[in-house]
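Undergrad: The following block contains a protein sequence and its predicted model.
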Amino acid sequence: METVYGSVFKGSNAIYACQMNGQGGIRAFGEDSPATAEQPFWQHLDYKNQGSHQWIMNTPLLPSPAKEGLLGESIRPKVLRTGEGTLITLRSVNRNDNARPDHLVSFRIYVNDRVIISSRHRKIHSIDQVVDDLHNGVGAKSTGHWLIEIADAITDEVSDFIEELHDQLIGFEDDILEQKVPGRGELVLLRKQLIVLRRYMAPQRDVFIRLASERLPWMSDEERRLMQEIADRLGRGLDDLDGSIARTAVLADEISSMMADDMNRRTYMMSLLAMIFLPTSFLTGLFGVNLGGIPGNKYPFGFGLFCLLLSILIVIFALWLKRSKWL
């Protein structure tokens, strides 16, 4: 097969398509510059695009399991060997506009020694660095090297997001030390993001470990070693996630304790006020019965004297509470 473009790639509506030159760069291919079988090529597709969907379904380059995987709804990271190639599903942080980073995006790849077919629907920003490296001549030289570049870029983005979450957690801890309660739902959102990231990155690390351990014909020993390093780096990120999740539980307990202490303090103050005014309430109730014989009812300064006695009684009772260390 000297040229493959006209018979294989026509009508794919690819987001990005190139052929590697084996030196870290690329050569674009199209109708005027057909690709050859000498170097591997990469087709990046949107599986929701009707043309790309039909191309995946009809192309002879892909076995049936790979077609189903590139178009399927499975979002959990996994790896599946099929024929001469391998189908890989990965997850990356969502950096698209008007989207939360923890709404992870799926990235599906079919790769062998001469072809890379990748599909996604929402944009994956970590791929941009891989594309830029290829355009600058410092990118992947083979399909195995390309997979290393993709895994490294995705893991870097995940690590950056973990650092962002860690910084938010430290901010919450500082607020707690200053007796400030985080806004309603902020800690819940942080905990949810940590748990979601932990849920999907743990199987993704297992995918990297499997790729590093299996002797795939299109990956060299050096590439397997690099893949193991990426898996180890992601594993350290997972350890940070586990620690952060535990710290959010401690923060939640501390916030509950702060709110309970605040409520107890207010209840305590209300109880003290009730105790202070209890004697005066008794006296005012007693003198308010409106029966004959009340002392001072005919004395012109009786009301003022009564109020003065009540004030003195309140002060004496407050001093007694303070001396008893209730106040």
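TA: Arrived safely, thanks for sending. Please read these numbers as outputs of a predicted model, since none were measured by experiment. Residues are numbered from 1 along each chain as shown.
Undergrad: got the residue ranges for the helices in the stretch 151-300 of the chain?
TA: 186-213, 221-276, 278-287 (DSSP state H, counting those that start in this stretch).
Undergrad: Point out the most buried one among the ones you listed.
TA: helix 186-213 (a mean of 18; mean count of other CB atoms under 10 Å). All C-beta atoms are positioned from the backbone trio N, CA, C, and that covers glycine.
Undergrad: how about the helices of the stretch 151-300 of the chain in JSON lines, adding mean pLDDT and distance to residue 171?
TA: Converted to JSON lines, these look like this (pLDDT from 0 to 100; distance: least, CB to CB, whole Å):
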{"stretch": "helix 186-213", "mean pLDDT": "94", "distance to residue 171": "10"}
{"stretch": "helix 221-276", "mean pLDDT": "89", "distance to residue 171": "11"}
{"stretch": "helix 278-287", "mean pLDDT": "75", "distance to residue 171": "46"}
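Undergrad: Phi first, then psi, for residue 142.
TA: Residue 142 adopts backbone torsions of phi -150, psi 170, taken as degrees, to the nearest 10.
Undergrad: now do residue 300
TA: Residue 300 adopts backbone torsions of phi -60, psi -30, taken as degrees, to the nearest 10.
Undergrad: tally of neighbours for the residue lying closest to residue 82 once chain neighbours are set aside?
TA: Nearest non-adjacent residue to residue 82, counting by CB to CB, 6 or more residues apart in numbering: residue 65, 4.4 Å away. Residue 65 is flanked by 16 other residues according to other CB atoms under 10 Å.
Undergrad: who's in contact with residue 65?
TA: Going by CB atoms under 8 Å, 6 or more residues apart in numbering, residue 65 touches 80, 82, 87.
Undergrad: just these: which has the poorest pLDDT?
TA: Model confidence across the contacts of residue 65 bottoms out at residue 82, which has 85.
Undergrad: Return the residues in contact with that one.
TA: Going by CB under 8 Å, 6+ apart, residue 82 touches 63, 65-66.
Undergrad: One more: residue 187?
TA: By CB under 8 Å, 6+ apart, the residues touching residue 187 are 172, 248, 251-252, 255.
Undergrad: let's go with 10 Å and repeat that
TA: 168-169, 172, 176, 181, 248, 251-252, 255 (CB atoms under 10 Å, 6 or more residues apart in numbering).
Undergrad: same deal with residue 52?
TA: Taking CB under 10 Å, 6+ apart, we find residue 52 in contact with 11-15, 43-46, 70-71, 119.
Undergrad: And the next helix or strand past the helix or strand where it lies?
TA: Per DSSP states H and E, residue 52 falls inside helix 50-58. As assigned by DSSP H and E, the chain's next helix or strand after helix 50-58 is helix 64-71.
Undergrad: Pull out the buried positions in that next one.
TA: For helix 64-71, a neighbour-count test (16 or more other CB atoms under 10 Å) marks 65-67, 69-71 as buried.
Undergrad: May I see those residues organised as a markdown table, with distance to residue 272 and pLDDT added?
TA: Formatted as a markdown table, these follow (distance: CB to CB, whole Å; pLDDT from 0 to 100):
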| residue | distance to residue 272 | pLDDT |
| --- | --- | --- |
| 65 | 74 | 88 |
| 66 | 75 | 90 |
| 67 | 75 | 90 |
| 69 | 69 | 90 |
| 70 | 71 | 91 |
| 71 | 70 | 89 |
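Undergrad: So which of those residues is the closest to residue 38?
TA: Distance to residue 38 across those (CB to CB) is lowest for residue 66, with 23.0 Å.
Undergrad: Tell me how far the closest one lies from residue 14.
TA: 16 Å (CB to CB, to the nearest Å).
Undergrad: Could you tell me whether residue 101 really is in a helix?
TA: No - per DSSP: H, G, I helix; E, B strand; the rest coil, residue 101 lies outside any helix segment and is coil.
Undergrad: Do I have it right that it meets residue 157?
TA: Yes - counting by CB atoms under 10 Å, residue 101 touches residue 157, with 9.0 Å between them.
Undergrad: Touching both of those two, which residues are there?
TA: What both residue 101 and residue 157 touch, as defined by CB under 10 Å, 6+ apart, is the set 92-95.
Undergrad: closest to residue 319 among the residues you listed?
TA: Set against residue 319, the nearest of the shared contacts of residue 101 and residue 157 by CB to CB is residue 93 (63.3 Å).
Undergrad: Please verify my assumption that that closest one contacts residue 161.
TA: Yes - taking CB under 10 Å as the definition, residue 93 is a contact partner of residue 161 at 4.8 Å.
Undergrad: quick one, which of those two is more surrounded?
TA: The residue with more neighbours, out of residue 93 and residue 161, is residue 93; 25 against 21, by other CB under 10 Å.
Undergrad: And the more buried one, how far from residue 107?
TA: Distance, residue 93 to residue 107, using CB to CB: 11 Å.
Undergrad: Now the common contact residues for these two.
TA: What both residue 93 and residue 107 touch, as defined by CB under 10 Å, 6+ apart, is the set 124, 126, 154.
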